[in-house]
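K.L.:
I need the structure of the sequence given here:
(one chain, ligands or ions: 1)
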Amino acid sequence: MNQDNCENPFPKNEQLQEKGTLYLVATPIGNLGDITLRALETLRSVDAIAAEDTRQTVKLLNHFEIKKPLFSYFEHNKNVKGGYIIKLLEEGKNIALVSDAGSPGISDPGEDIVKLAEQNGINVTMIPGPVAAVAGLVLSGLPTGRFVFEGFLPMNKRTRKERILSLKNETRTIIFYEAPHKLIYTLNDLLDILGDRRISLARELTKKYEEIKRCMLSEALQFYNNEPPRGEFVLVLEGISEQVLEEEEREKWESVSLEQHVKIYTEMGLDKKEAIRKVAEDKGLSKRDVYNELVRNQNI
Ligand code: SAM
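P.N.:
Residues are numbered from 1 along each chain as shown. Presented below is the predicted three-dimensional model:
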């Protein structure tokens, strides 16, 4: 394993070997059987483990009979503890970072320590494993070829609304994380702002009561209004279809006359020929039709 950064593209191997390695170790999202052999090997071989929630990680370590020095690294101590982790790595110690569940760095602490390690010329590697978002996506029945991960929506009303609005014309499948007590609130906002569409709600993934509900947003809302949601959720929402987007774009231009429409583009700096091409595209007409109409109205 050799990692270079752009500022020092050819660091000497001895230089890297003096320092320890930071291992980002993915852990199960429910079912302990999903731990990988490499994750176990790594947790057994490192000098210490940094954990988002030590109580949670102790359970995992006890289950696999692993005894290691353990300390916390989470959102509210990450600045202080980040420096401590780097100090240990610089002394040549190998450190594993685990989160509560799944892959560190995905809606979990991890991102900052990778940046810090990179800035300090420290090797970082990952022991890949479960990610709730990926499990939810592949089980959704929605297109998986192109997708976006949105994680948790912001709680601040305005930022939340703006974030959802920014997804209005998103054609890719959209993945969110959500806690049970906020589910109805989120389904309501998504329906209000994005309109009704297909959604898949995956809860308790890999656990005994795993459940996938594939339906329309409005149906999900109706269902969970009658039955309080339980367990953590991955929400996978259908993106808007290219066809609907094109129709909406056409409707937007419907009330604008051809002359005004061409003028908008020429005022934006396009020459007349290019403006006519754009107008034809927006209105779903041929360039010839637009041109003939303009001639008829004596605008050319
Ligand atoms: N780092 C984790 C990962 O790789 O998936 C995600 C951590 S984030 C703090 C926790 C969120 O992940 C939960 O609120 C839920 O949305 C989702 N999640 C985690 N485990 C899950 C499970 N077993 N079933 C459904 N969703 C889960």
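
K.L.:
where do the strands sit along the stretch 201-300 of the chain?
P.N.:
Under the criterion DSSP state E, counting those that start in this stretch, the stretch 201-300 of the chain contains strands at 211-216, 233-237.

K.L.:
also the stretch 51-200 of the chain?
P.N.:
So, for the stretch 51-200 of the chain - with DSSP E, counting those that start in this stretch - the strands run 70-72, 95-98, 123-127, 147-151, 173-178, 198-203.

K.L.:
tell me how far the fifth one lies from the chain's centre.
P.N.:
Taking Cα atoms, centre = their mean, to the nearest Å, the mean C-alpha location of strand 173-178 is offset from the chain mean by 7 Å.

K.L.:
how many neighbours does residue 182 have?
P.N.:
15 (other Cβ atoms under 10 Å). Every residue, glycine included, has its C-beta placed from N, CA and C.

K.L.:
and residue 53, by the same measure?
P.N.:
15.

K.L.:
quick one: it and residue 100 touch, right?
P.N.:
Yes. Applying Cβ atoms under 8 Å, one finds residue 53 in contact with residue 100, separated by 5.2 Å.

K.L.:
quick one: common contacting residues for these two?
P.N.:
By the contact definition Cβ atoms under 8 Å, 6 or more residues apart in numbering, residue 53 and residue 100 are jointly contacted by no residue.

K.L.:
show me what from the stretch 101-250 of the chain comes close to the ligand.
P.N.:
Applying Cβ under 6 Å from any ligand atom, we find that the stretch 101-250 of the chain lies next to the ligand at 101-103, 106-108, 131-133, 177-179, 202-207, 232-234.

K.L.:
of these, keep whichever come out buried.
P.N.:
Buried subset of these (neighbour count, 16 or more other Cβ atoms under 10 Å): 101-103, 106-108, 131-133, 177-178, 202-206, 232-234.

K.L.:
domains of this structure?
P.N.:
Listed by automatic domain parsing, the domain ranges of the chain are 13-130, 133-240, 243-296.

K.L.:
report the closest residue of the stretch 101-250 of the chain relative to the ligand.
P.N.:
In the stretch 101-250 of the chain, the residue that lies nearest the ligand is residue 102 (2.5 Å; Cβ to the nearest ligand atom).

K.L.:
which residue, other than its chain neighbours, is closest to that residue?
P.N.:
Among residues not flanking residue 102 along the chain, residue 29 sits closest, at 4.7 Å (Cβ to Cβ, 6 or more residues apart in numbering).

K.L.:
which element is encountered next along the chain beyond the lowest-mean-pLDDT helix or strand in the chain?
P.N.:
When each helix and strand of the chain is scored by mean pLDDT, DSSP states H and E, helix 13-18 comes last, with a mean of 57. Going down the chain from helix 13-18, the next helix or strand is strand 21-25, by DSSP states H and E.

K.L.:
mind listing what that next one pairs with, with the direction of each?
P.N.:
Using DSSP bridges, strand 21-25 pairs in its sheet with strand 95-98 (parallel), strand 123-127 (parallel).

K.L.:
wondering if the shortest one reaches the ligand at all.
P.N.:
I take that to be strand 95-98. No. Counting by Cβ under 6 Å from any ligand atom, the ligand is not contacted by strand 95-98; separation bottoms out at 10.0 Å.

K.L.:
please compute how far that strand lies from its chain's middle.
P.N.:
Taking mean C-alpha positions (Cα atoms, centre = their mean), strand 95-98 and its chain are 22 Å apart.

K.L.:
export that strand as CSV, just CAs?
P.N.:
Output of strand 95-98 as CSV, limited to C-alpha atoms (Å, rounded to 0.1, in the frame of the first residue of the first chain):
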residue,chain,number,x,y,z
ILE,A,95,-5.2,2.8,14.5
ALA,A,96,-8.6,1.6,13.4
LEU,A,97,-11.6,3.9,13.2
VAL,A,98,-15.1,2.4,13.5
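
K.L.:
which outside residues touch it?
P.N.:
For strand 95-98, using Cβ under 8 Å, 6+ apart, the contacting residues are 20-25, 27, 42-43, 46-52, 57, 60, 73, 85, 88-89, 104, 109-110, 113.

K.L.:
cool, and stretch 180-190?
P.N.:
If you take Cβ under 8 Å, 6+ apart as the criterion, stretch 180-190 is touched by 153, 160-161, 164, 176, 178, 199, 203, 217, 220-221, 224-225, 228-233, 235, 237.

K.L.:
6 Å - rerun?
P.N.:
For stretch 180-190, the external contacting residues (Cβ atoms under 6 Å, 6 or more residues apart in numbering) are 164, 178, 217, 220, 221, 224, 229, 230, 233.
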